[in-house]
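Engineer: Any chance you can model this:
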Amino acid sequence: MPSSKALLALTAMSFSAAMPVLAQQETAIGVVAPLSGDYAVLGQQMLNGAQLAARNTGEVLVPVDESCEDGSGAAVADALADAGVAMSIGFFCSETLRGALPGLAAAGIPAMSVSVRSLPLMTDALDNDWPFYRMAPNRQDQIDAIVNLIMDEWVDEPVALVDDGTIYYRELIGAVRNAIEARGLKPVIVDTFRPAQQQQLSLVRRLAQAGATHVLVGGTRGDIAIIGRDAREQGAALTLLGDDGLRAAETAVPLENGVLAIALPEYGALPPAADIAEQAIADGIVPEGYVVPGAAAVQVASQALAAANSDDGGLEDALLNNTFSTATGPVTFTGQHELAENPFLLLRWQDDQFVPVFDSGRQ
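Structural biologist: As a prediction, the model looks like this:
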């Protein structure tokens, strides 16, 4: 997770990310996103951001609707190849990406996802030499960020780990527990609670009896809000930490001020996105959700295409051997086609919004 020094670096990078790329040859970039159906709002955010960035970079965008249905990926790959795109971005769903990658590999079109976090899919892509790059975090990134926070800042505190019994959160809490215990920190209590209840008084009492003060909660925003409310009403001073799921819609019971989350930030509120956010607002677009990541994906593609045109190594070499200035900050890919920097931040709920925590003791 970035330190204060990293934030200063992001601020400096915002100036280069905001500058238009001059005198580039127009190149087609495919934007694969759900433009109809249940996820159309997210897809439109992505497309809006991509269009804002393309005004500066000079690329032509080719939108392709993504249904996210099994078996739909091959048709997406065919549409991109027929349009003659040099690179494709977006890909909200692993179902689309898995089906599209073989055809994209045959056509020599790299795919860069802003959403898919699947580790097995990346493993398959590397094993089959499919051109898949990830601008989203993978599932391990969130676990690593949680573990680092606990070991850096909670190591001297009585830590509790609780989950709601679902497979996802049981596995998340289990992975965190294994990691912190391997590094010498034993939780004072590991517990499971029933989700979607009107109150969580019994859980709060168990935590208090165990002496816990810092609690990692594997559960939904609604459940964490109820735990926080009940802790306050019972006079139990609990510092609650959740995952990226806390970025969900507000629930009937509001979150308590001070609830922490290891989550992706709202990039539109950070310095590197200042220029794109200003353009978005001028166009009547709220710079939230996938708007800024969509712009950043176009910026990466544009700069990679420019680098490939000036070198002999080709587009994939350009993606792997450069650092790109974007509206989400500097982007570098590892040899495994993942983000070199873990994008998860520590956020704190304060007065109806999550704000990044840059004043912690982490270096």
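Engineer: Which residue ranges of the stretch 1-150 of the chain form helices?
Structural biologist: All helices of the stretch 1-150 of the chain, identified by DSSP state H, counting those that start in this stretch, fall at 4-18, 40-57, 73-83, 94-107, 119-128, 139-153.
Engineer: What ranges in the stretch 201-350 of the chain fall below the confidence cut-off?
Structural biologist: Within the stretch 201-350 of the chain, not a single segment meets pLDDT under 70.
Engineer: Mind doing that once more with 90?
Structural biologist: Within the stretch 201-350 of the chain, the segments meeting pLDDT under 90 span 311-313.
Engineer: all strands for it, in order.
Structural biologist: Assigned by DSSP state E, counting those that start in this stretch, the strands in the stretch 201-350 of the chain fall at 214-218, 239-242, 260-263, 323-324, 331-332, 345-349.
Engineer: of those strands, which approaches Glu59 most closely?
Structural biologist: Closest of the strands of the stretch 201-350 of the chain to Glu59 is strand 323-324, at 14.0 Å (criterion: C-beta to C-beta). All C-beta spots, glycine's among them, are computed from the backbone N, C-alpha and C.
Engineer: and that closest one, what does it pack onto?
Structural biologist: helix 291-310, strand 331-332 (3 or more C-beta pairs under 8 Å, 6 or more residues apart in numbering; DSSP states H and E).
Engineer: 10 Å - rerun?
Structural biologist: If you count contacts as 3 or more C-beta pairs under 10 Å, 6 or more residues apart in numbering; DSSP states H and E, strand 323-324 packs onto helix 4-18, helix 291-310, strand 331-332.
Engineer: I'd assumed Asp65 was in contact with Gln44.
Structural biologist: No: applying C-beta atoms under 10 Å, one finds Gln44 not in contact with Asp65, separated by 11.1 Å.
Engineer: what do these two both touch?
Structural biologist: Contact criterion C-beta atoms under 10 Å, 6 or more residues apart in numbering; residues shared by Gln44 and Asp65: 33-36.
Engineer: from those, which single one is nearest Cys93?
Structural biologist: When those are compared for distance to Cys93 (C-beta to C-beta), Pro34 wins out at 7.6 Å.
Engineer: and the gap between the closest one and Ala296?
Structural biologist: Applying C-beta to C-beta, to the nearest Å, the value for Pro34 to Ala296 is 19 Å.
Engineer: more neighbours, these two?
Structural biologist: Applying other C-beta atoms under 10 Å to Pro34 and Ala296 shows that Ala296 carries more neighbours, namely 29 against 22.
Engineer: Now for that one: which residues touch it?
Structural biologist: 17, 49-50, 53, 89, 114, 135, 267, 272-273, 276, 290, 324-329, 331.
Engineer: Just give the closest residue to it, not the sequence neighbours.
Structural biologist: Thr326 (3.8 Å; C-beta to C-beta, 6 or more residues apart in numbering).
Engineer: Next up, the contacts around the one you found.
Structural biologist: Listed by C-beta under 10 Å, 6+ apart, the contact set of Thr326 reads 13-14, 16-17, 53, 135, 267, 272-273, 276, 292-293, 295-300, 302-303.
Engineer: Mind checking which of the residues you listed are buried?
Structural biologist: Buried members of the contacts of Thr326, scored by 16 or more other C-beta atoms under 10 Å, are 13-14, 17, 53, 135, 267, 272-273, 276, 292-293, 295-300, 302-303.
Engineer: got the end-to-end distance for stretch 108-126?
Structural biologist: With C-alpha to C-alpha, to the nearest Å as the measure, stretch 108-126 spans 15 Å from end to end.
Engineer: change the start of the numbering to 384 and stick with it
Structural biologist: From this message on, residue numbering opens at 384, which makes the last subject stretch 491-509.
Engineer: Mind listing what's buried along that stretch?
Structural biologist: Using 16+ other C-beta under 10 Å as the test for burial, stretch 491-509 gives 492-501, 504-505, 508.
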